[in-house]
Structure formats: structure tokens, C-alpha cells
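S.K.: sequence first, then the predicted structure, then my questions.
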Amino acid sequence: MRLRPIDAIFVDPKRRLYVVYYRGELWQLPRMKIDDRSWQNRQPYTDDSSALYLSIHQAINDPVLAQKLRTLNLPVAVRGSTLPRFEAWWETHGFKWLKDKLSTGQSPLAAHQAAVAKTIDNQPTSPSNYPSTHPNNDNTTGHKAPEQKTTLVAGEATDIFADMLADLADEVLQQQL
């Protein structure tokens, strides 16, 4: 049974490789790294899928691959579950959970959550928090350029993920059940 529109990352514990659940189909990646190069070299997963378990880390750091695979920031209760258990949860609760997230304005995308957390972690500390070693030093000229650059990069990342979220919302909210 194909479950749409879900992309999820699973782990094969025996072969120690990632398996991507991409729109209802299983694809194995050639190595334990999730990036666009690995995705280009993917192959259909043909082993026993009952041993696969859902990775606790669904965020994809490669921005190119993150646009192709729209993994979700799934609830903690589902993380680490086997593929059959995940499919049963998605079939009964997934669309409602996703629709609730979208209707409240929250982003369900794992990549979006990771980008927001990364942006918060990379925010520079305000120069006013540092004691000045030079009494006549003008702090505003020395620290504005990096702060503006950080804001610009974060804004660009937000726009990419906003587009991804809008596409996902359209797909979920317009789907015929």
C-alpha cells in the first residue's frame, strides 16, 4: 500500500545502511550518509523490511536533498518504531497529525525545524554584552556586517523551507481521501 505524501528515513540494523521511505517505496542508500550524492546512487530495497526502524533523526542537512525528500518532524512516540508499526500509525493518525500541524501554522518539516534550531544556535551575541576594552570604541561599525550576513543567510533558508512547506500543505490539504 502506498502512503502519500510521506518521506521518512529508516535504518537497517543488520546491513548498517539508511533506507529512505520515499512516497511508499523503499530505497537503500549506499552508505550511512544522507546527501544528494547518496540519493543519486540509491537502489531499491529488497531485503526484509520488518527489521527496519524509523531513525530518530529525520532532518536532512544537505539543502539539495532536503528539497527532494520532505521528511517530517514526527512525534516522539513514533520515532524508533519498526516499518510496519510506522505504516499503521501513519495510516490511522498521520494525515490528521499533519493536517493539525499545518492548520495551526506549525511546520511539520524536519529540515525546517533543523534550520530554525541552527539559526538560533548561530545567532551572534549582541556586542553590547561584551565589555569594551577601548573607551572610545564605536561597537556599531565593527559588528553590524557579520550580523547582517547571518540574518540574510537565515532568511534565505527560511524562504526555501517556506516554499517546501507551502508545497506540502497544498499536497496534504488538497488530497482526495
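M.R.: Noted; the coordinates are in hand.

S.K.: where does the nearest residue to K68 once chain neighbours are set aside fall, phi/psi-wise?
M.R.: What sits nearest to K68 in space, not counting adjacent residues and going by CB to CB, 6 or more residues apart in numbering, is W39, at 6.8 Å. (Each C-beta comes from the backbone N, C-alpha and C, glycine too.) The phi and psi values for W39, taken as degrees, to the nearest 10, are phi -60, psi -40.

S.K.: show me what the helix or strand hosting V19 is packed up against.
M.R.: Following DSSP states H and E, one finds V19 within strand 17-22. The contact analysis (3 or more CB pairs under 8 Å, 6 or more residues apart in numbering; DSSP states H and E) places strand 17-22 against strand 7-12, strand 25-28.

S.K.: tell me which of the ones you listed lies nearest to L98.
M.R.: strand 7-12 (12.1 Å; CB to CB).

S.K.: tell me the buried residues in that closest one?
M.R.: Within strand 7-12, the residues that count as buried by 16 or more other CB atoms under 10 Å are 7-12.

S.K.: now flag whichever of the residues you listed is closest to T92.
M.R.: Nearest member of the buried residues of strand 7-12 to T92, counting by CB to CB, is A8, at 15.8 Å.

S.K.: so how far is K96 from the closest one?
M.R.: The gap separating A8 from K96 is 17 Å, by CB to CB, to the nearest Å.

S.K.: coming back round to it: out of the helices and strands packed on strand 17-22, which gets nearest to P84?
M.R.: Evaluated over the helices and strands packed on strand 17-22, closeness to P84 peaks at strand 7-12, with 11.4 Å, by CB to CB.

S.K.: in the chain, what helix or strand scores lowest on average pLDDT?
M.R.: Sorting the helices and strands of the chain by mean pLDDT, DSSP states H and E puts helix 110-121 at the bottom, at a mean of 51.

S.K.: adding mean pLDDT, write the helices and strands packed on strand 17-22 out as CSV.
M.R.: Output for the helices and strands packed on strand 17-22, formatted as CSV (pLDDT from 0 to 100):
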stretch, mean pLDDT
strand 7-12, 93
strand 25-28, 94
